[in-house]
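*Asks:* predicted model, plus sequence, below.
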Amino acid sequence: MSKFLEEKQQEQGFQMNRRKFLKAGAASALAVGIVGAIGVLPSEAMASQTGSQNGAKSKLHPNVDYGGATVRFVENNDQWLGTSKIVGSIKNTHAADAGFNYAIRGKLTPEARKESFHYHFVGKHPFNAALMGFVGVIAPDAMCGGKPAPEKLPIPDPEQMSQHIKDCAYYLRADEVGIGKMPSYAYYSYRSPSQDDLFKNGDDLSKSIPVTERMPYVITFMVDQHLETMLGSTGYDGISAGQSFRSYHASGVIAVILASYIRNLGYNARANHISNYEAVMGPCLIASGLGELSRTGDCVAHPRLGFRHKCAAVTTDLPLVPDNPIDFGLQDFCRVCKKCADNCPGGAITFDDDPVEHNGYLRWNTDSLKCTIFRSTNKEGSSCGRCMKVCPWDSKEQSWFHEAGTWIGSKGETSSRLLKTIDDMFGYGTEQIEKYKWWLEWPERY
């Protein structure tokens, strides 16, 4: 067991007792006292769950579930994307310059390159390898795009079509779905060569494919990485990559089917998923009203799911009514919380109080390269999701108490400090709940 994990588990004895206290029901009076002290009634927090309607209303999910947070709708313009401030020209980036692609090219450390090969081509965990292999089935361009049907079916009401598209995504098992105006800078400049080519050829990017598509709309959907599994995990043990690819696979299948359906209607549509991206998911999620940029660099947190999700998208010219970006106070919360930074085993997440300029916009100065090095070389598991586990927006079961907590956390810096204090007191995000650990570990493969 790592020194990092030993230290964290030593902190949990008192916190675990607090959690048992809450679960036993004896803490209900304490909870009411905390909530009453700040003038928040549970009924009010519960009522705020549905919020105002954003864009077209889904029939299958008519009530937008924001998990208790107070949500405001904001405009998307030249100075702001949601609550992310634009301070200069945002350049379209090369997909080969991100994360594991960077490691496979040998741009980080020799060990990171070797272990990235192990991670992607061998599989550090047999179950995860099975999931990752299946994602490759939907990778070919023929699965993701193509020419639309020659007959373009009429769309008399874009709002009705937007409602229908959301229902299609929910029917295909999406947990959240939104429609956005597609920002031009949300496209990659080039698609990366295959990971096999990158490993063989290193810095030779001659097989990169330029991205020329520009569509007016993006349909974006999230799939939960599974709360109970996260609660049973350390955050960076064997199941970490499996949680990611469970959601990558599911969201990718939704994207491929939905894009094919839209092309059958006679309109252009392309699926974007983990094995075949032409678009950067962060700005697509923000533009679609599904979250805000968090302290963890480019992770977008949703009011109910936090960033306990993976996503995929469809870019299209189908006539649609876009949703607005949202503001649920995450910038204020991330400014004061810093639990992800305190618990990051790779030391990749910044403790800075404020965001800094990065490629023409403001974000927290998290080091994605340090993150990639740790995730690829982790000797105690397969990848890492520790920041996801400890984030107060990610780690809550459904209850009025937790919805009241997220209501508090969406009310500015002072309230955010209170939620962080309550979260620490009950030990949320730092405990490993053994009854939820269903998977097996294979440490000889790590």
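*Replies:* Received the coordinates, thanks. Residues are numbered from 1 along each chain as shown.

*Asks:* pretty sure Thr229 is in contact with Ser240, am I right?
*Replies:* No: the pair formed by Thr229 and Ser240 falls short of the contact definition of C-beta atoms under 8 Å, at 9.7 Å. The way it works is simple: take the backbone N, C-alpha and C, and place the C-beta from them, glycine included.

*Asks:* which one of these two has more residues nearby?
*Replies:* Between Thr229 and Ser240, counted using other C-beta atoms under 10 Å, Ser240 has the larger neighbour count: 29 against 19.

*Asks:* if I look at that one, how far off is Met230?
*Replies:* Computed as C-beta to C-beta, to the nearest Å, the Ser240 to Met230 distance reads 9 Å.

*Asks:* what's the overlap in contacts for the two?
*Replies:* Taking C-beta atoms under 8 Å, 6 or more residues apart in numbering as the contact criterion, the common neighbours of Ser240 and Met230 are Gly385.

*Asks:* which residues does Asn276 contact?
*Replies:* Asn276 touches 138-141, 143-144, 191, counting by C-beta under 8 Å, 6+ apart.

*Asks:* now, of the residues you listed, which are buried?
*Replies:* Among these, those classed as buried by 16 or more other C-beta atoms under 10 Å are 138-139, 143-144, 191.

*Asks:* filter those residues down to the ones in helices?
*Replies:* By the criterion of DSSP state H, membership of the buried ones among the contacts of Asn276 in helices covers 143-144.

*Asks:* which one of the buried ones among the contacts of Asn276 is nearest to Arg304?
*Replies:* Looking at those and their distance to Arg304, the nearest is Ile138, at 26.8 Å (C-beta to C-beta).

*Asks:* downstream of the helix or strand bottoming out on mean pLDDT in the chain, the next helix or strand is which one?
*Replies:* Confidence across the helices and strands of the chain bottoms out at helix 42-47, with a mean of 41, counting by mean pLDDT, DSSP states H and E. Sequence order places strand 72-73 as the next helix or strand after helix 42-47, per DSSP states H and E.

*Asks:* what comes into contact with that next one?
*Replies:* By C-beta under 8 Å, 6+ apart, the residues outside strand 72-73 that reach it are 52, 54, 289, 324-328.

*Asks:* write the ChimeraX selection for whichever of those residues are buried.
*Replies:* Here is the ChimeraX selection string for the buried members of those, based on 16+ other C-beta under 10 Å:
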select :54,289,324,325,326,327,328
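
*Asks:* from the contacts of strand 72-73, which land in helices?
*Replies:* Filtering these for helices - DSSP H - leaves nothing at all.

*Asks:* hmm, which of the contacts of strand 72-73 is lowest in pLDDT?
*Replies:* In this model, the minimum pLDDT among the contacts of strand 72-73 belongs to Ser52 (65).

*Asks:* my read: Lys147 touches Arg263, true?
*Replies:* Yes: using C-beta under 8 Å, Lys147 is in contact with Arg263, at 7.3 Å.

*Asks:* more neighbours: the two, which one.
*Replies:* Ranked by neighbour count (other C-beta under 10 Å), Lys147 and Arg263 place Arg263 first, with 19 against 7.

*Asks:* pLDDT at the more buried one, what is it?
*Replies:* On pLDDT, Arg263 comes in at 98.

*Asks:* and if you look at the one 4 residues further on?
*Replies:* Note for Tyr267: predicted pLDDT of 98.

*Asks:* residue nearest the centroid of the protein?
*Replies:* For the chain, the residue nearest the mean C-alpha position is Phe307 (3.9 Å; C-alpha atoms, centre = their mean).

*Asks:* distance of that residue from Glu444?
*Replies:* With distances defined as C-beta to C-beta, the gap from Phe307 to Glu444 amounts to 31 Å.

*Asks:* got it, and His120?
*Replies:* Distance, His120 to Glu444, by C-beta to C-beta: 19 Å.

*Asks:* between the two, who's got more neighbours?
*Replies:* Looking at His120 and Glu444 with other C-beta under 10 Å, you find the greater number of neighbours at His120, namely 20 against 5.

*Asks:* for that one, which non-adjacent residue is spatially closest?
*Replies:* Distances taken as C-beta to C-beta, 6 or more residues apart in numbering place Gln195 nearest to His120, at 5.6 Å, with adjacent residues excluded.

*Asks:* same deal with Val218?
*Replies:* With C-beta to C-beta, 6+ apart as the measure, Met182 is the residue that lies nearest to Val218, at 4.2 Å, once sequence neighbours are left out.

*Asks:* that neighbour - how many residues pack around it?
*Replies:* Using other C-beta under 10 Å, Met182 has 26 other residues around it.

*Asks:* is it true that it touches Thr220?
*Replies:* No: taking C-beta under 8 Å as the definition, Met182 is not a contact partner of Thr220, at 9.8 Å.

*Asks:* helices along the stretch 51-200 of the chain, start to end?
*Replies:* For the stretch 51-200 of the chain, the helices defined by DSSP state H, counting those that start in this stretch occupy 99-104, 110-117, 126-135, 141-144, 158-171, 195-201.
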